[in-house]
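*Asks:* here you go, sequence then predicted model.
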Amino acid sequence: EDQVTQSPEALRLQEGESSSLNCSYTVSGLRGLFWYRQDPGKGPEFLFTLYSAGEEKEKERLKATLTKKESFLHITAPKPEDSATYLCAVQAKGDTGRRALTFGSGTRLQVQP
Amino acid sequence: GAVVSQHPSRVICKSGTSVKIECRSLDFQATTMFWYRQFPKQSLMLMATSNEGSKATYEQGVEKDKFLINHASLTLSTLTVTSAHPEDSSFYICSARDLVTNEKLFFGSGTQLSVL
């Protein structure tokens, strides 16, 4: 059974204080690892997809990395508008059109001015 | 980018009534759509996989007679919560994958259901 564990559950940072969020996973053959941002009362917003160990992707202040066991979401010099819940999800190999994602419980990030 | 539209965004209903939630892919076709449920401060739990033109596949523990799913076209899936009870109160989110790119999974904005 695919499993995704995210840590920490909650993180409070000062504006400009860089940090990293962790996503550990076990999956029967990784098709892709996804990062999403979710604001309260909204659906998840796509951030990144990573496919193989060693891959990295960046978007503004966010950088996602992937190893064979975990992924990190690095936040550099965060701003208050980065406050949200960040969700990690995995998709196993198979019929990619019909396989759903397995989500972690998320990390609630709060960035204080 | 691809957009998934979900309506209504919020609904309050009396116990025993039925509620229908619509999920539309606006600028792409989706053979498969997924319905998730999310409780406060918890992650998304997959309820069912909706397949265009065929029966939905439900996850273990999800009552198919209570949560009716219809995927009538490549751009529309509906979830009907029948005879709703207070314990059905939750945040329901649909998602769809673009057939062409078959990569990103796009999510609707969610529906907050409150059953009185």
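*Replies:* Sure thing, it's come through. Residues are numbered from 1 along each chain as shown, chains lettered A, B, ... in the order given.
*Asks:* please name the nearest non-neighbouring residue to the residue of chain B found nearest chain A.
*Replies:* Closest approach between chain B and chain A, counting by Cβ to the nearest Cβ: residue B:107, at 3.7 Å. In this view, the C-beta of every residue, glycine as well, is placed from N, C-alpha and C. Excluding the flanking residues, the one nearest residue B:107 by Cβ to Cβ, 6 or more residues apart in numbering or on different chains is residue A:43, at 3.7 Å.
*Asks:* which SS class is residue B:87?
*Replies:* helix (DSSP: H, G, I helix; E, B strand; the rest coil).
*Asks:* look up how far residue A:103 lies from the closest residue to it other than its chain neighbours.
*Replies:* Excluding the flanking residues, the one nearest residue B:87 by Cβ to Cβ, 6+ apart is residue B:115, at 7.9 Å. Between residue B:115 and residue A:103 the distance is 24 Å, computed by Cβ to Cβ, to the nearest Å.
*Asks:* compare the two (neighbour count), which wins?
*Replies:* residue A:103 (23 against 20; other Cβ atoms under 10 Å in any protein chain shown).
*Asks:* contacts only, for that one.
*Replies:* A:4, A:87, A:88, A:89, B:43, B:44, B:45 (Cβ atoms under 8 Å, 6 or more residues apart in numbering or on different chains).
*Asks:* the fourth one contacts residue A:38, doesn't it?
*Replies:* So that's residue A:89. No: applying Cβ atoms under 8 Å, one finds residue A:89 not in contact with residue A:38, separated by 11.2 Å.
*Asks:* neighbour count: those two, which is higher?
*Replies:* More crowded of residue A:89 and residue A:38, by other Cβ under 10 Å: residue A:89, with 25 against 22.
*Asks:* please name the bridge partners of the more buried one.
*Replies:* With DSSP bridges as the criterion, residue A:89 is bridged to residue A:34, residue A:103.
*Asks:* pLDDT wise, what is the residue nearest to residue B:87 at?
*Replies:* If you check residue B:115, the pLDDT there is 96.
*Asks:* residue B:82 is in contact with that one, correct?
*Replies:* No: Residue B:115 is beyond contact range of residue B:82, at 11.8 Å (criterion: Cβ under 8 Å).
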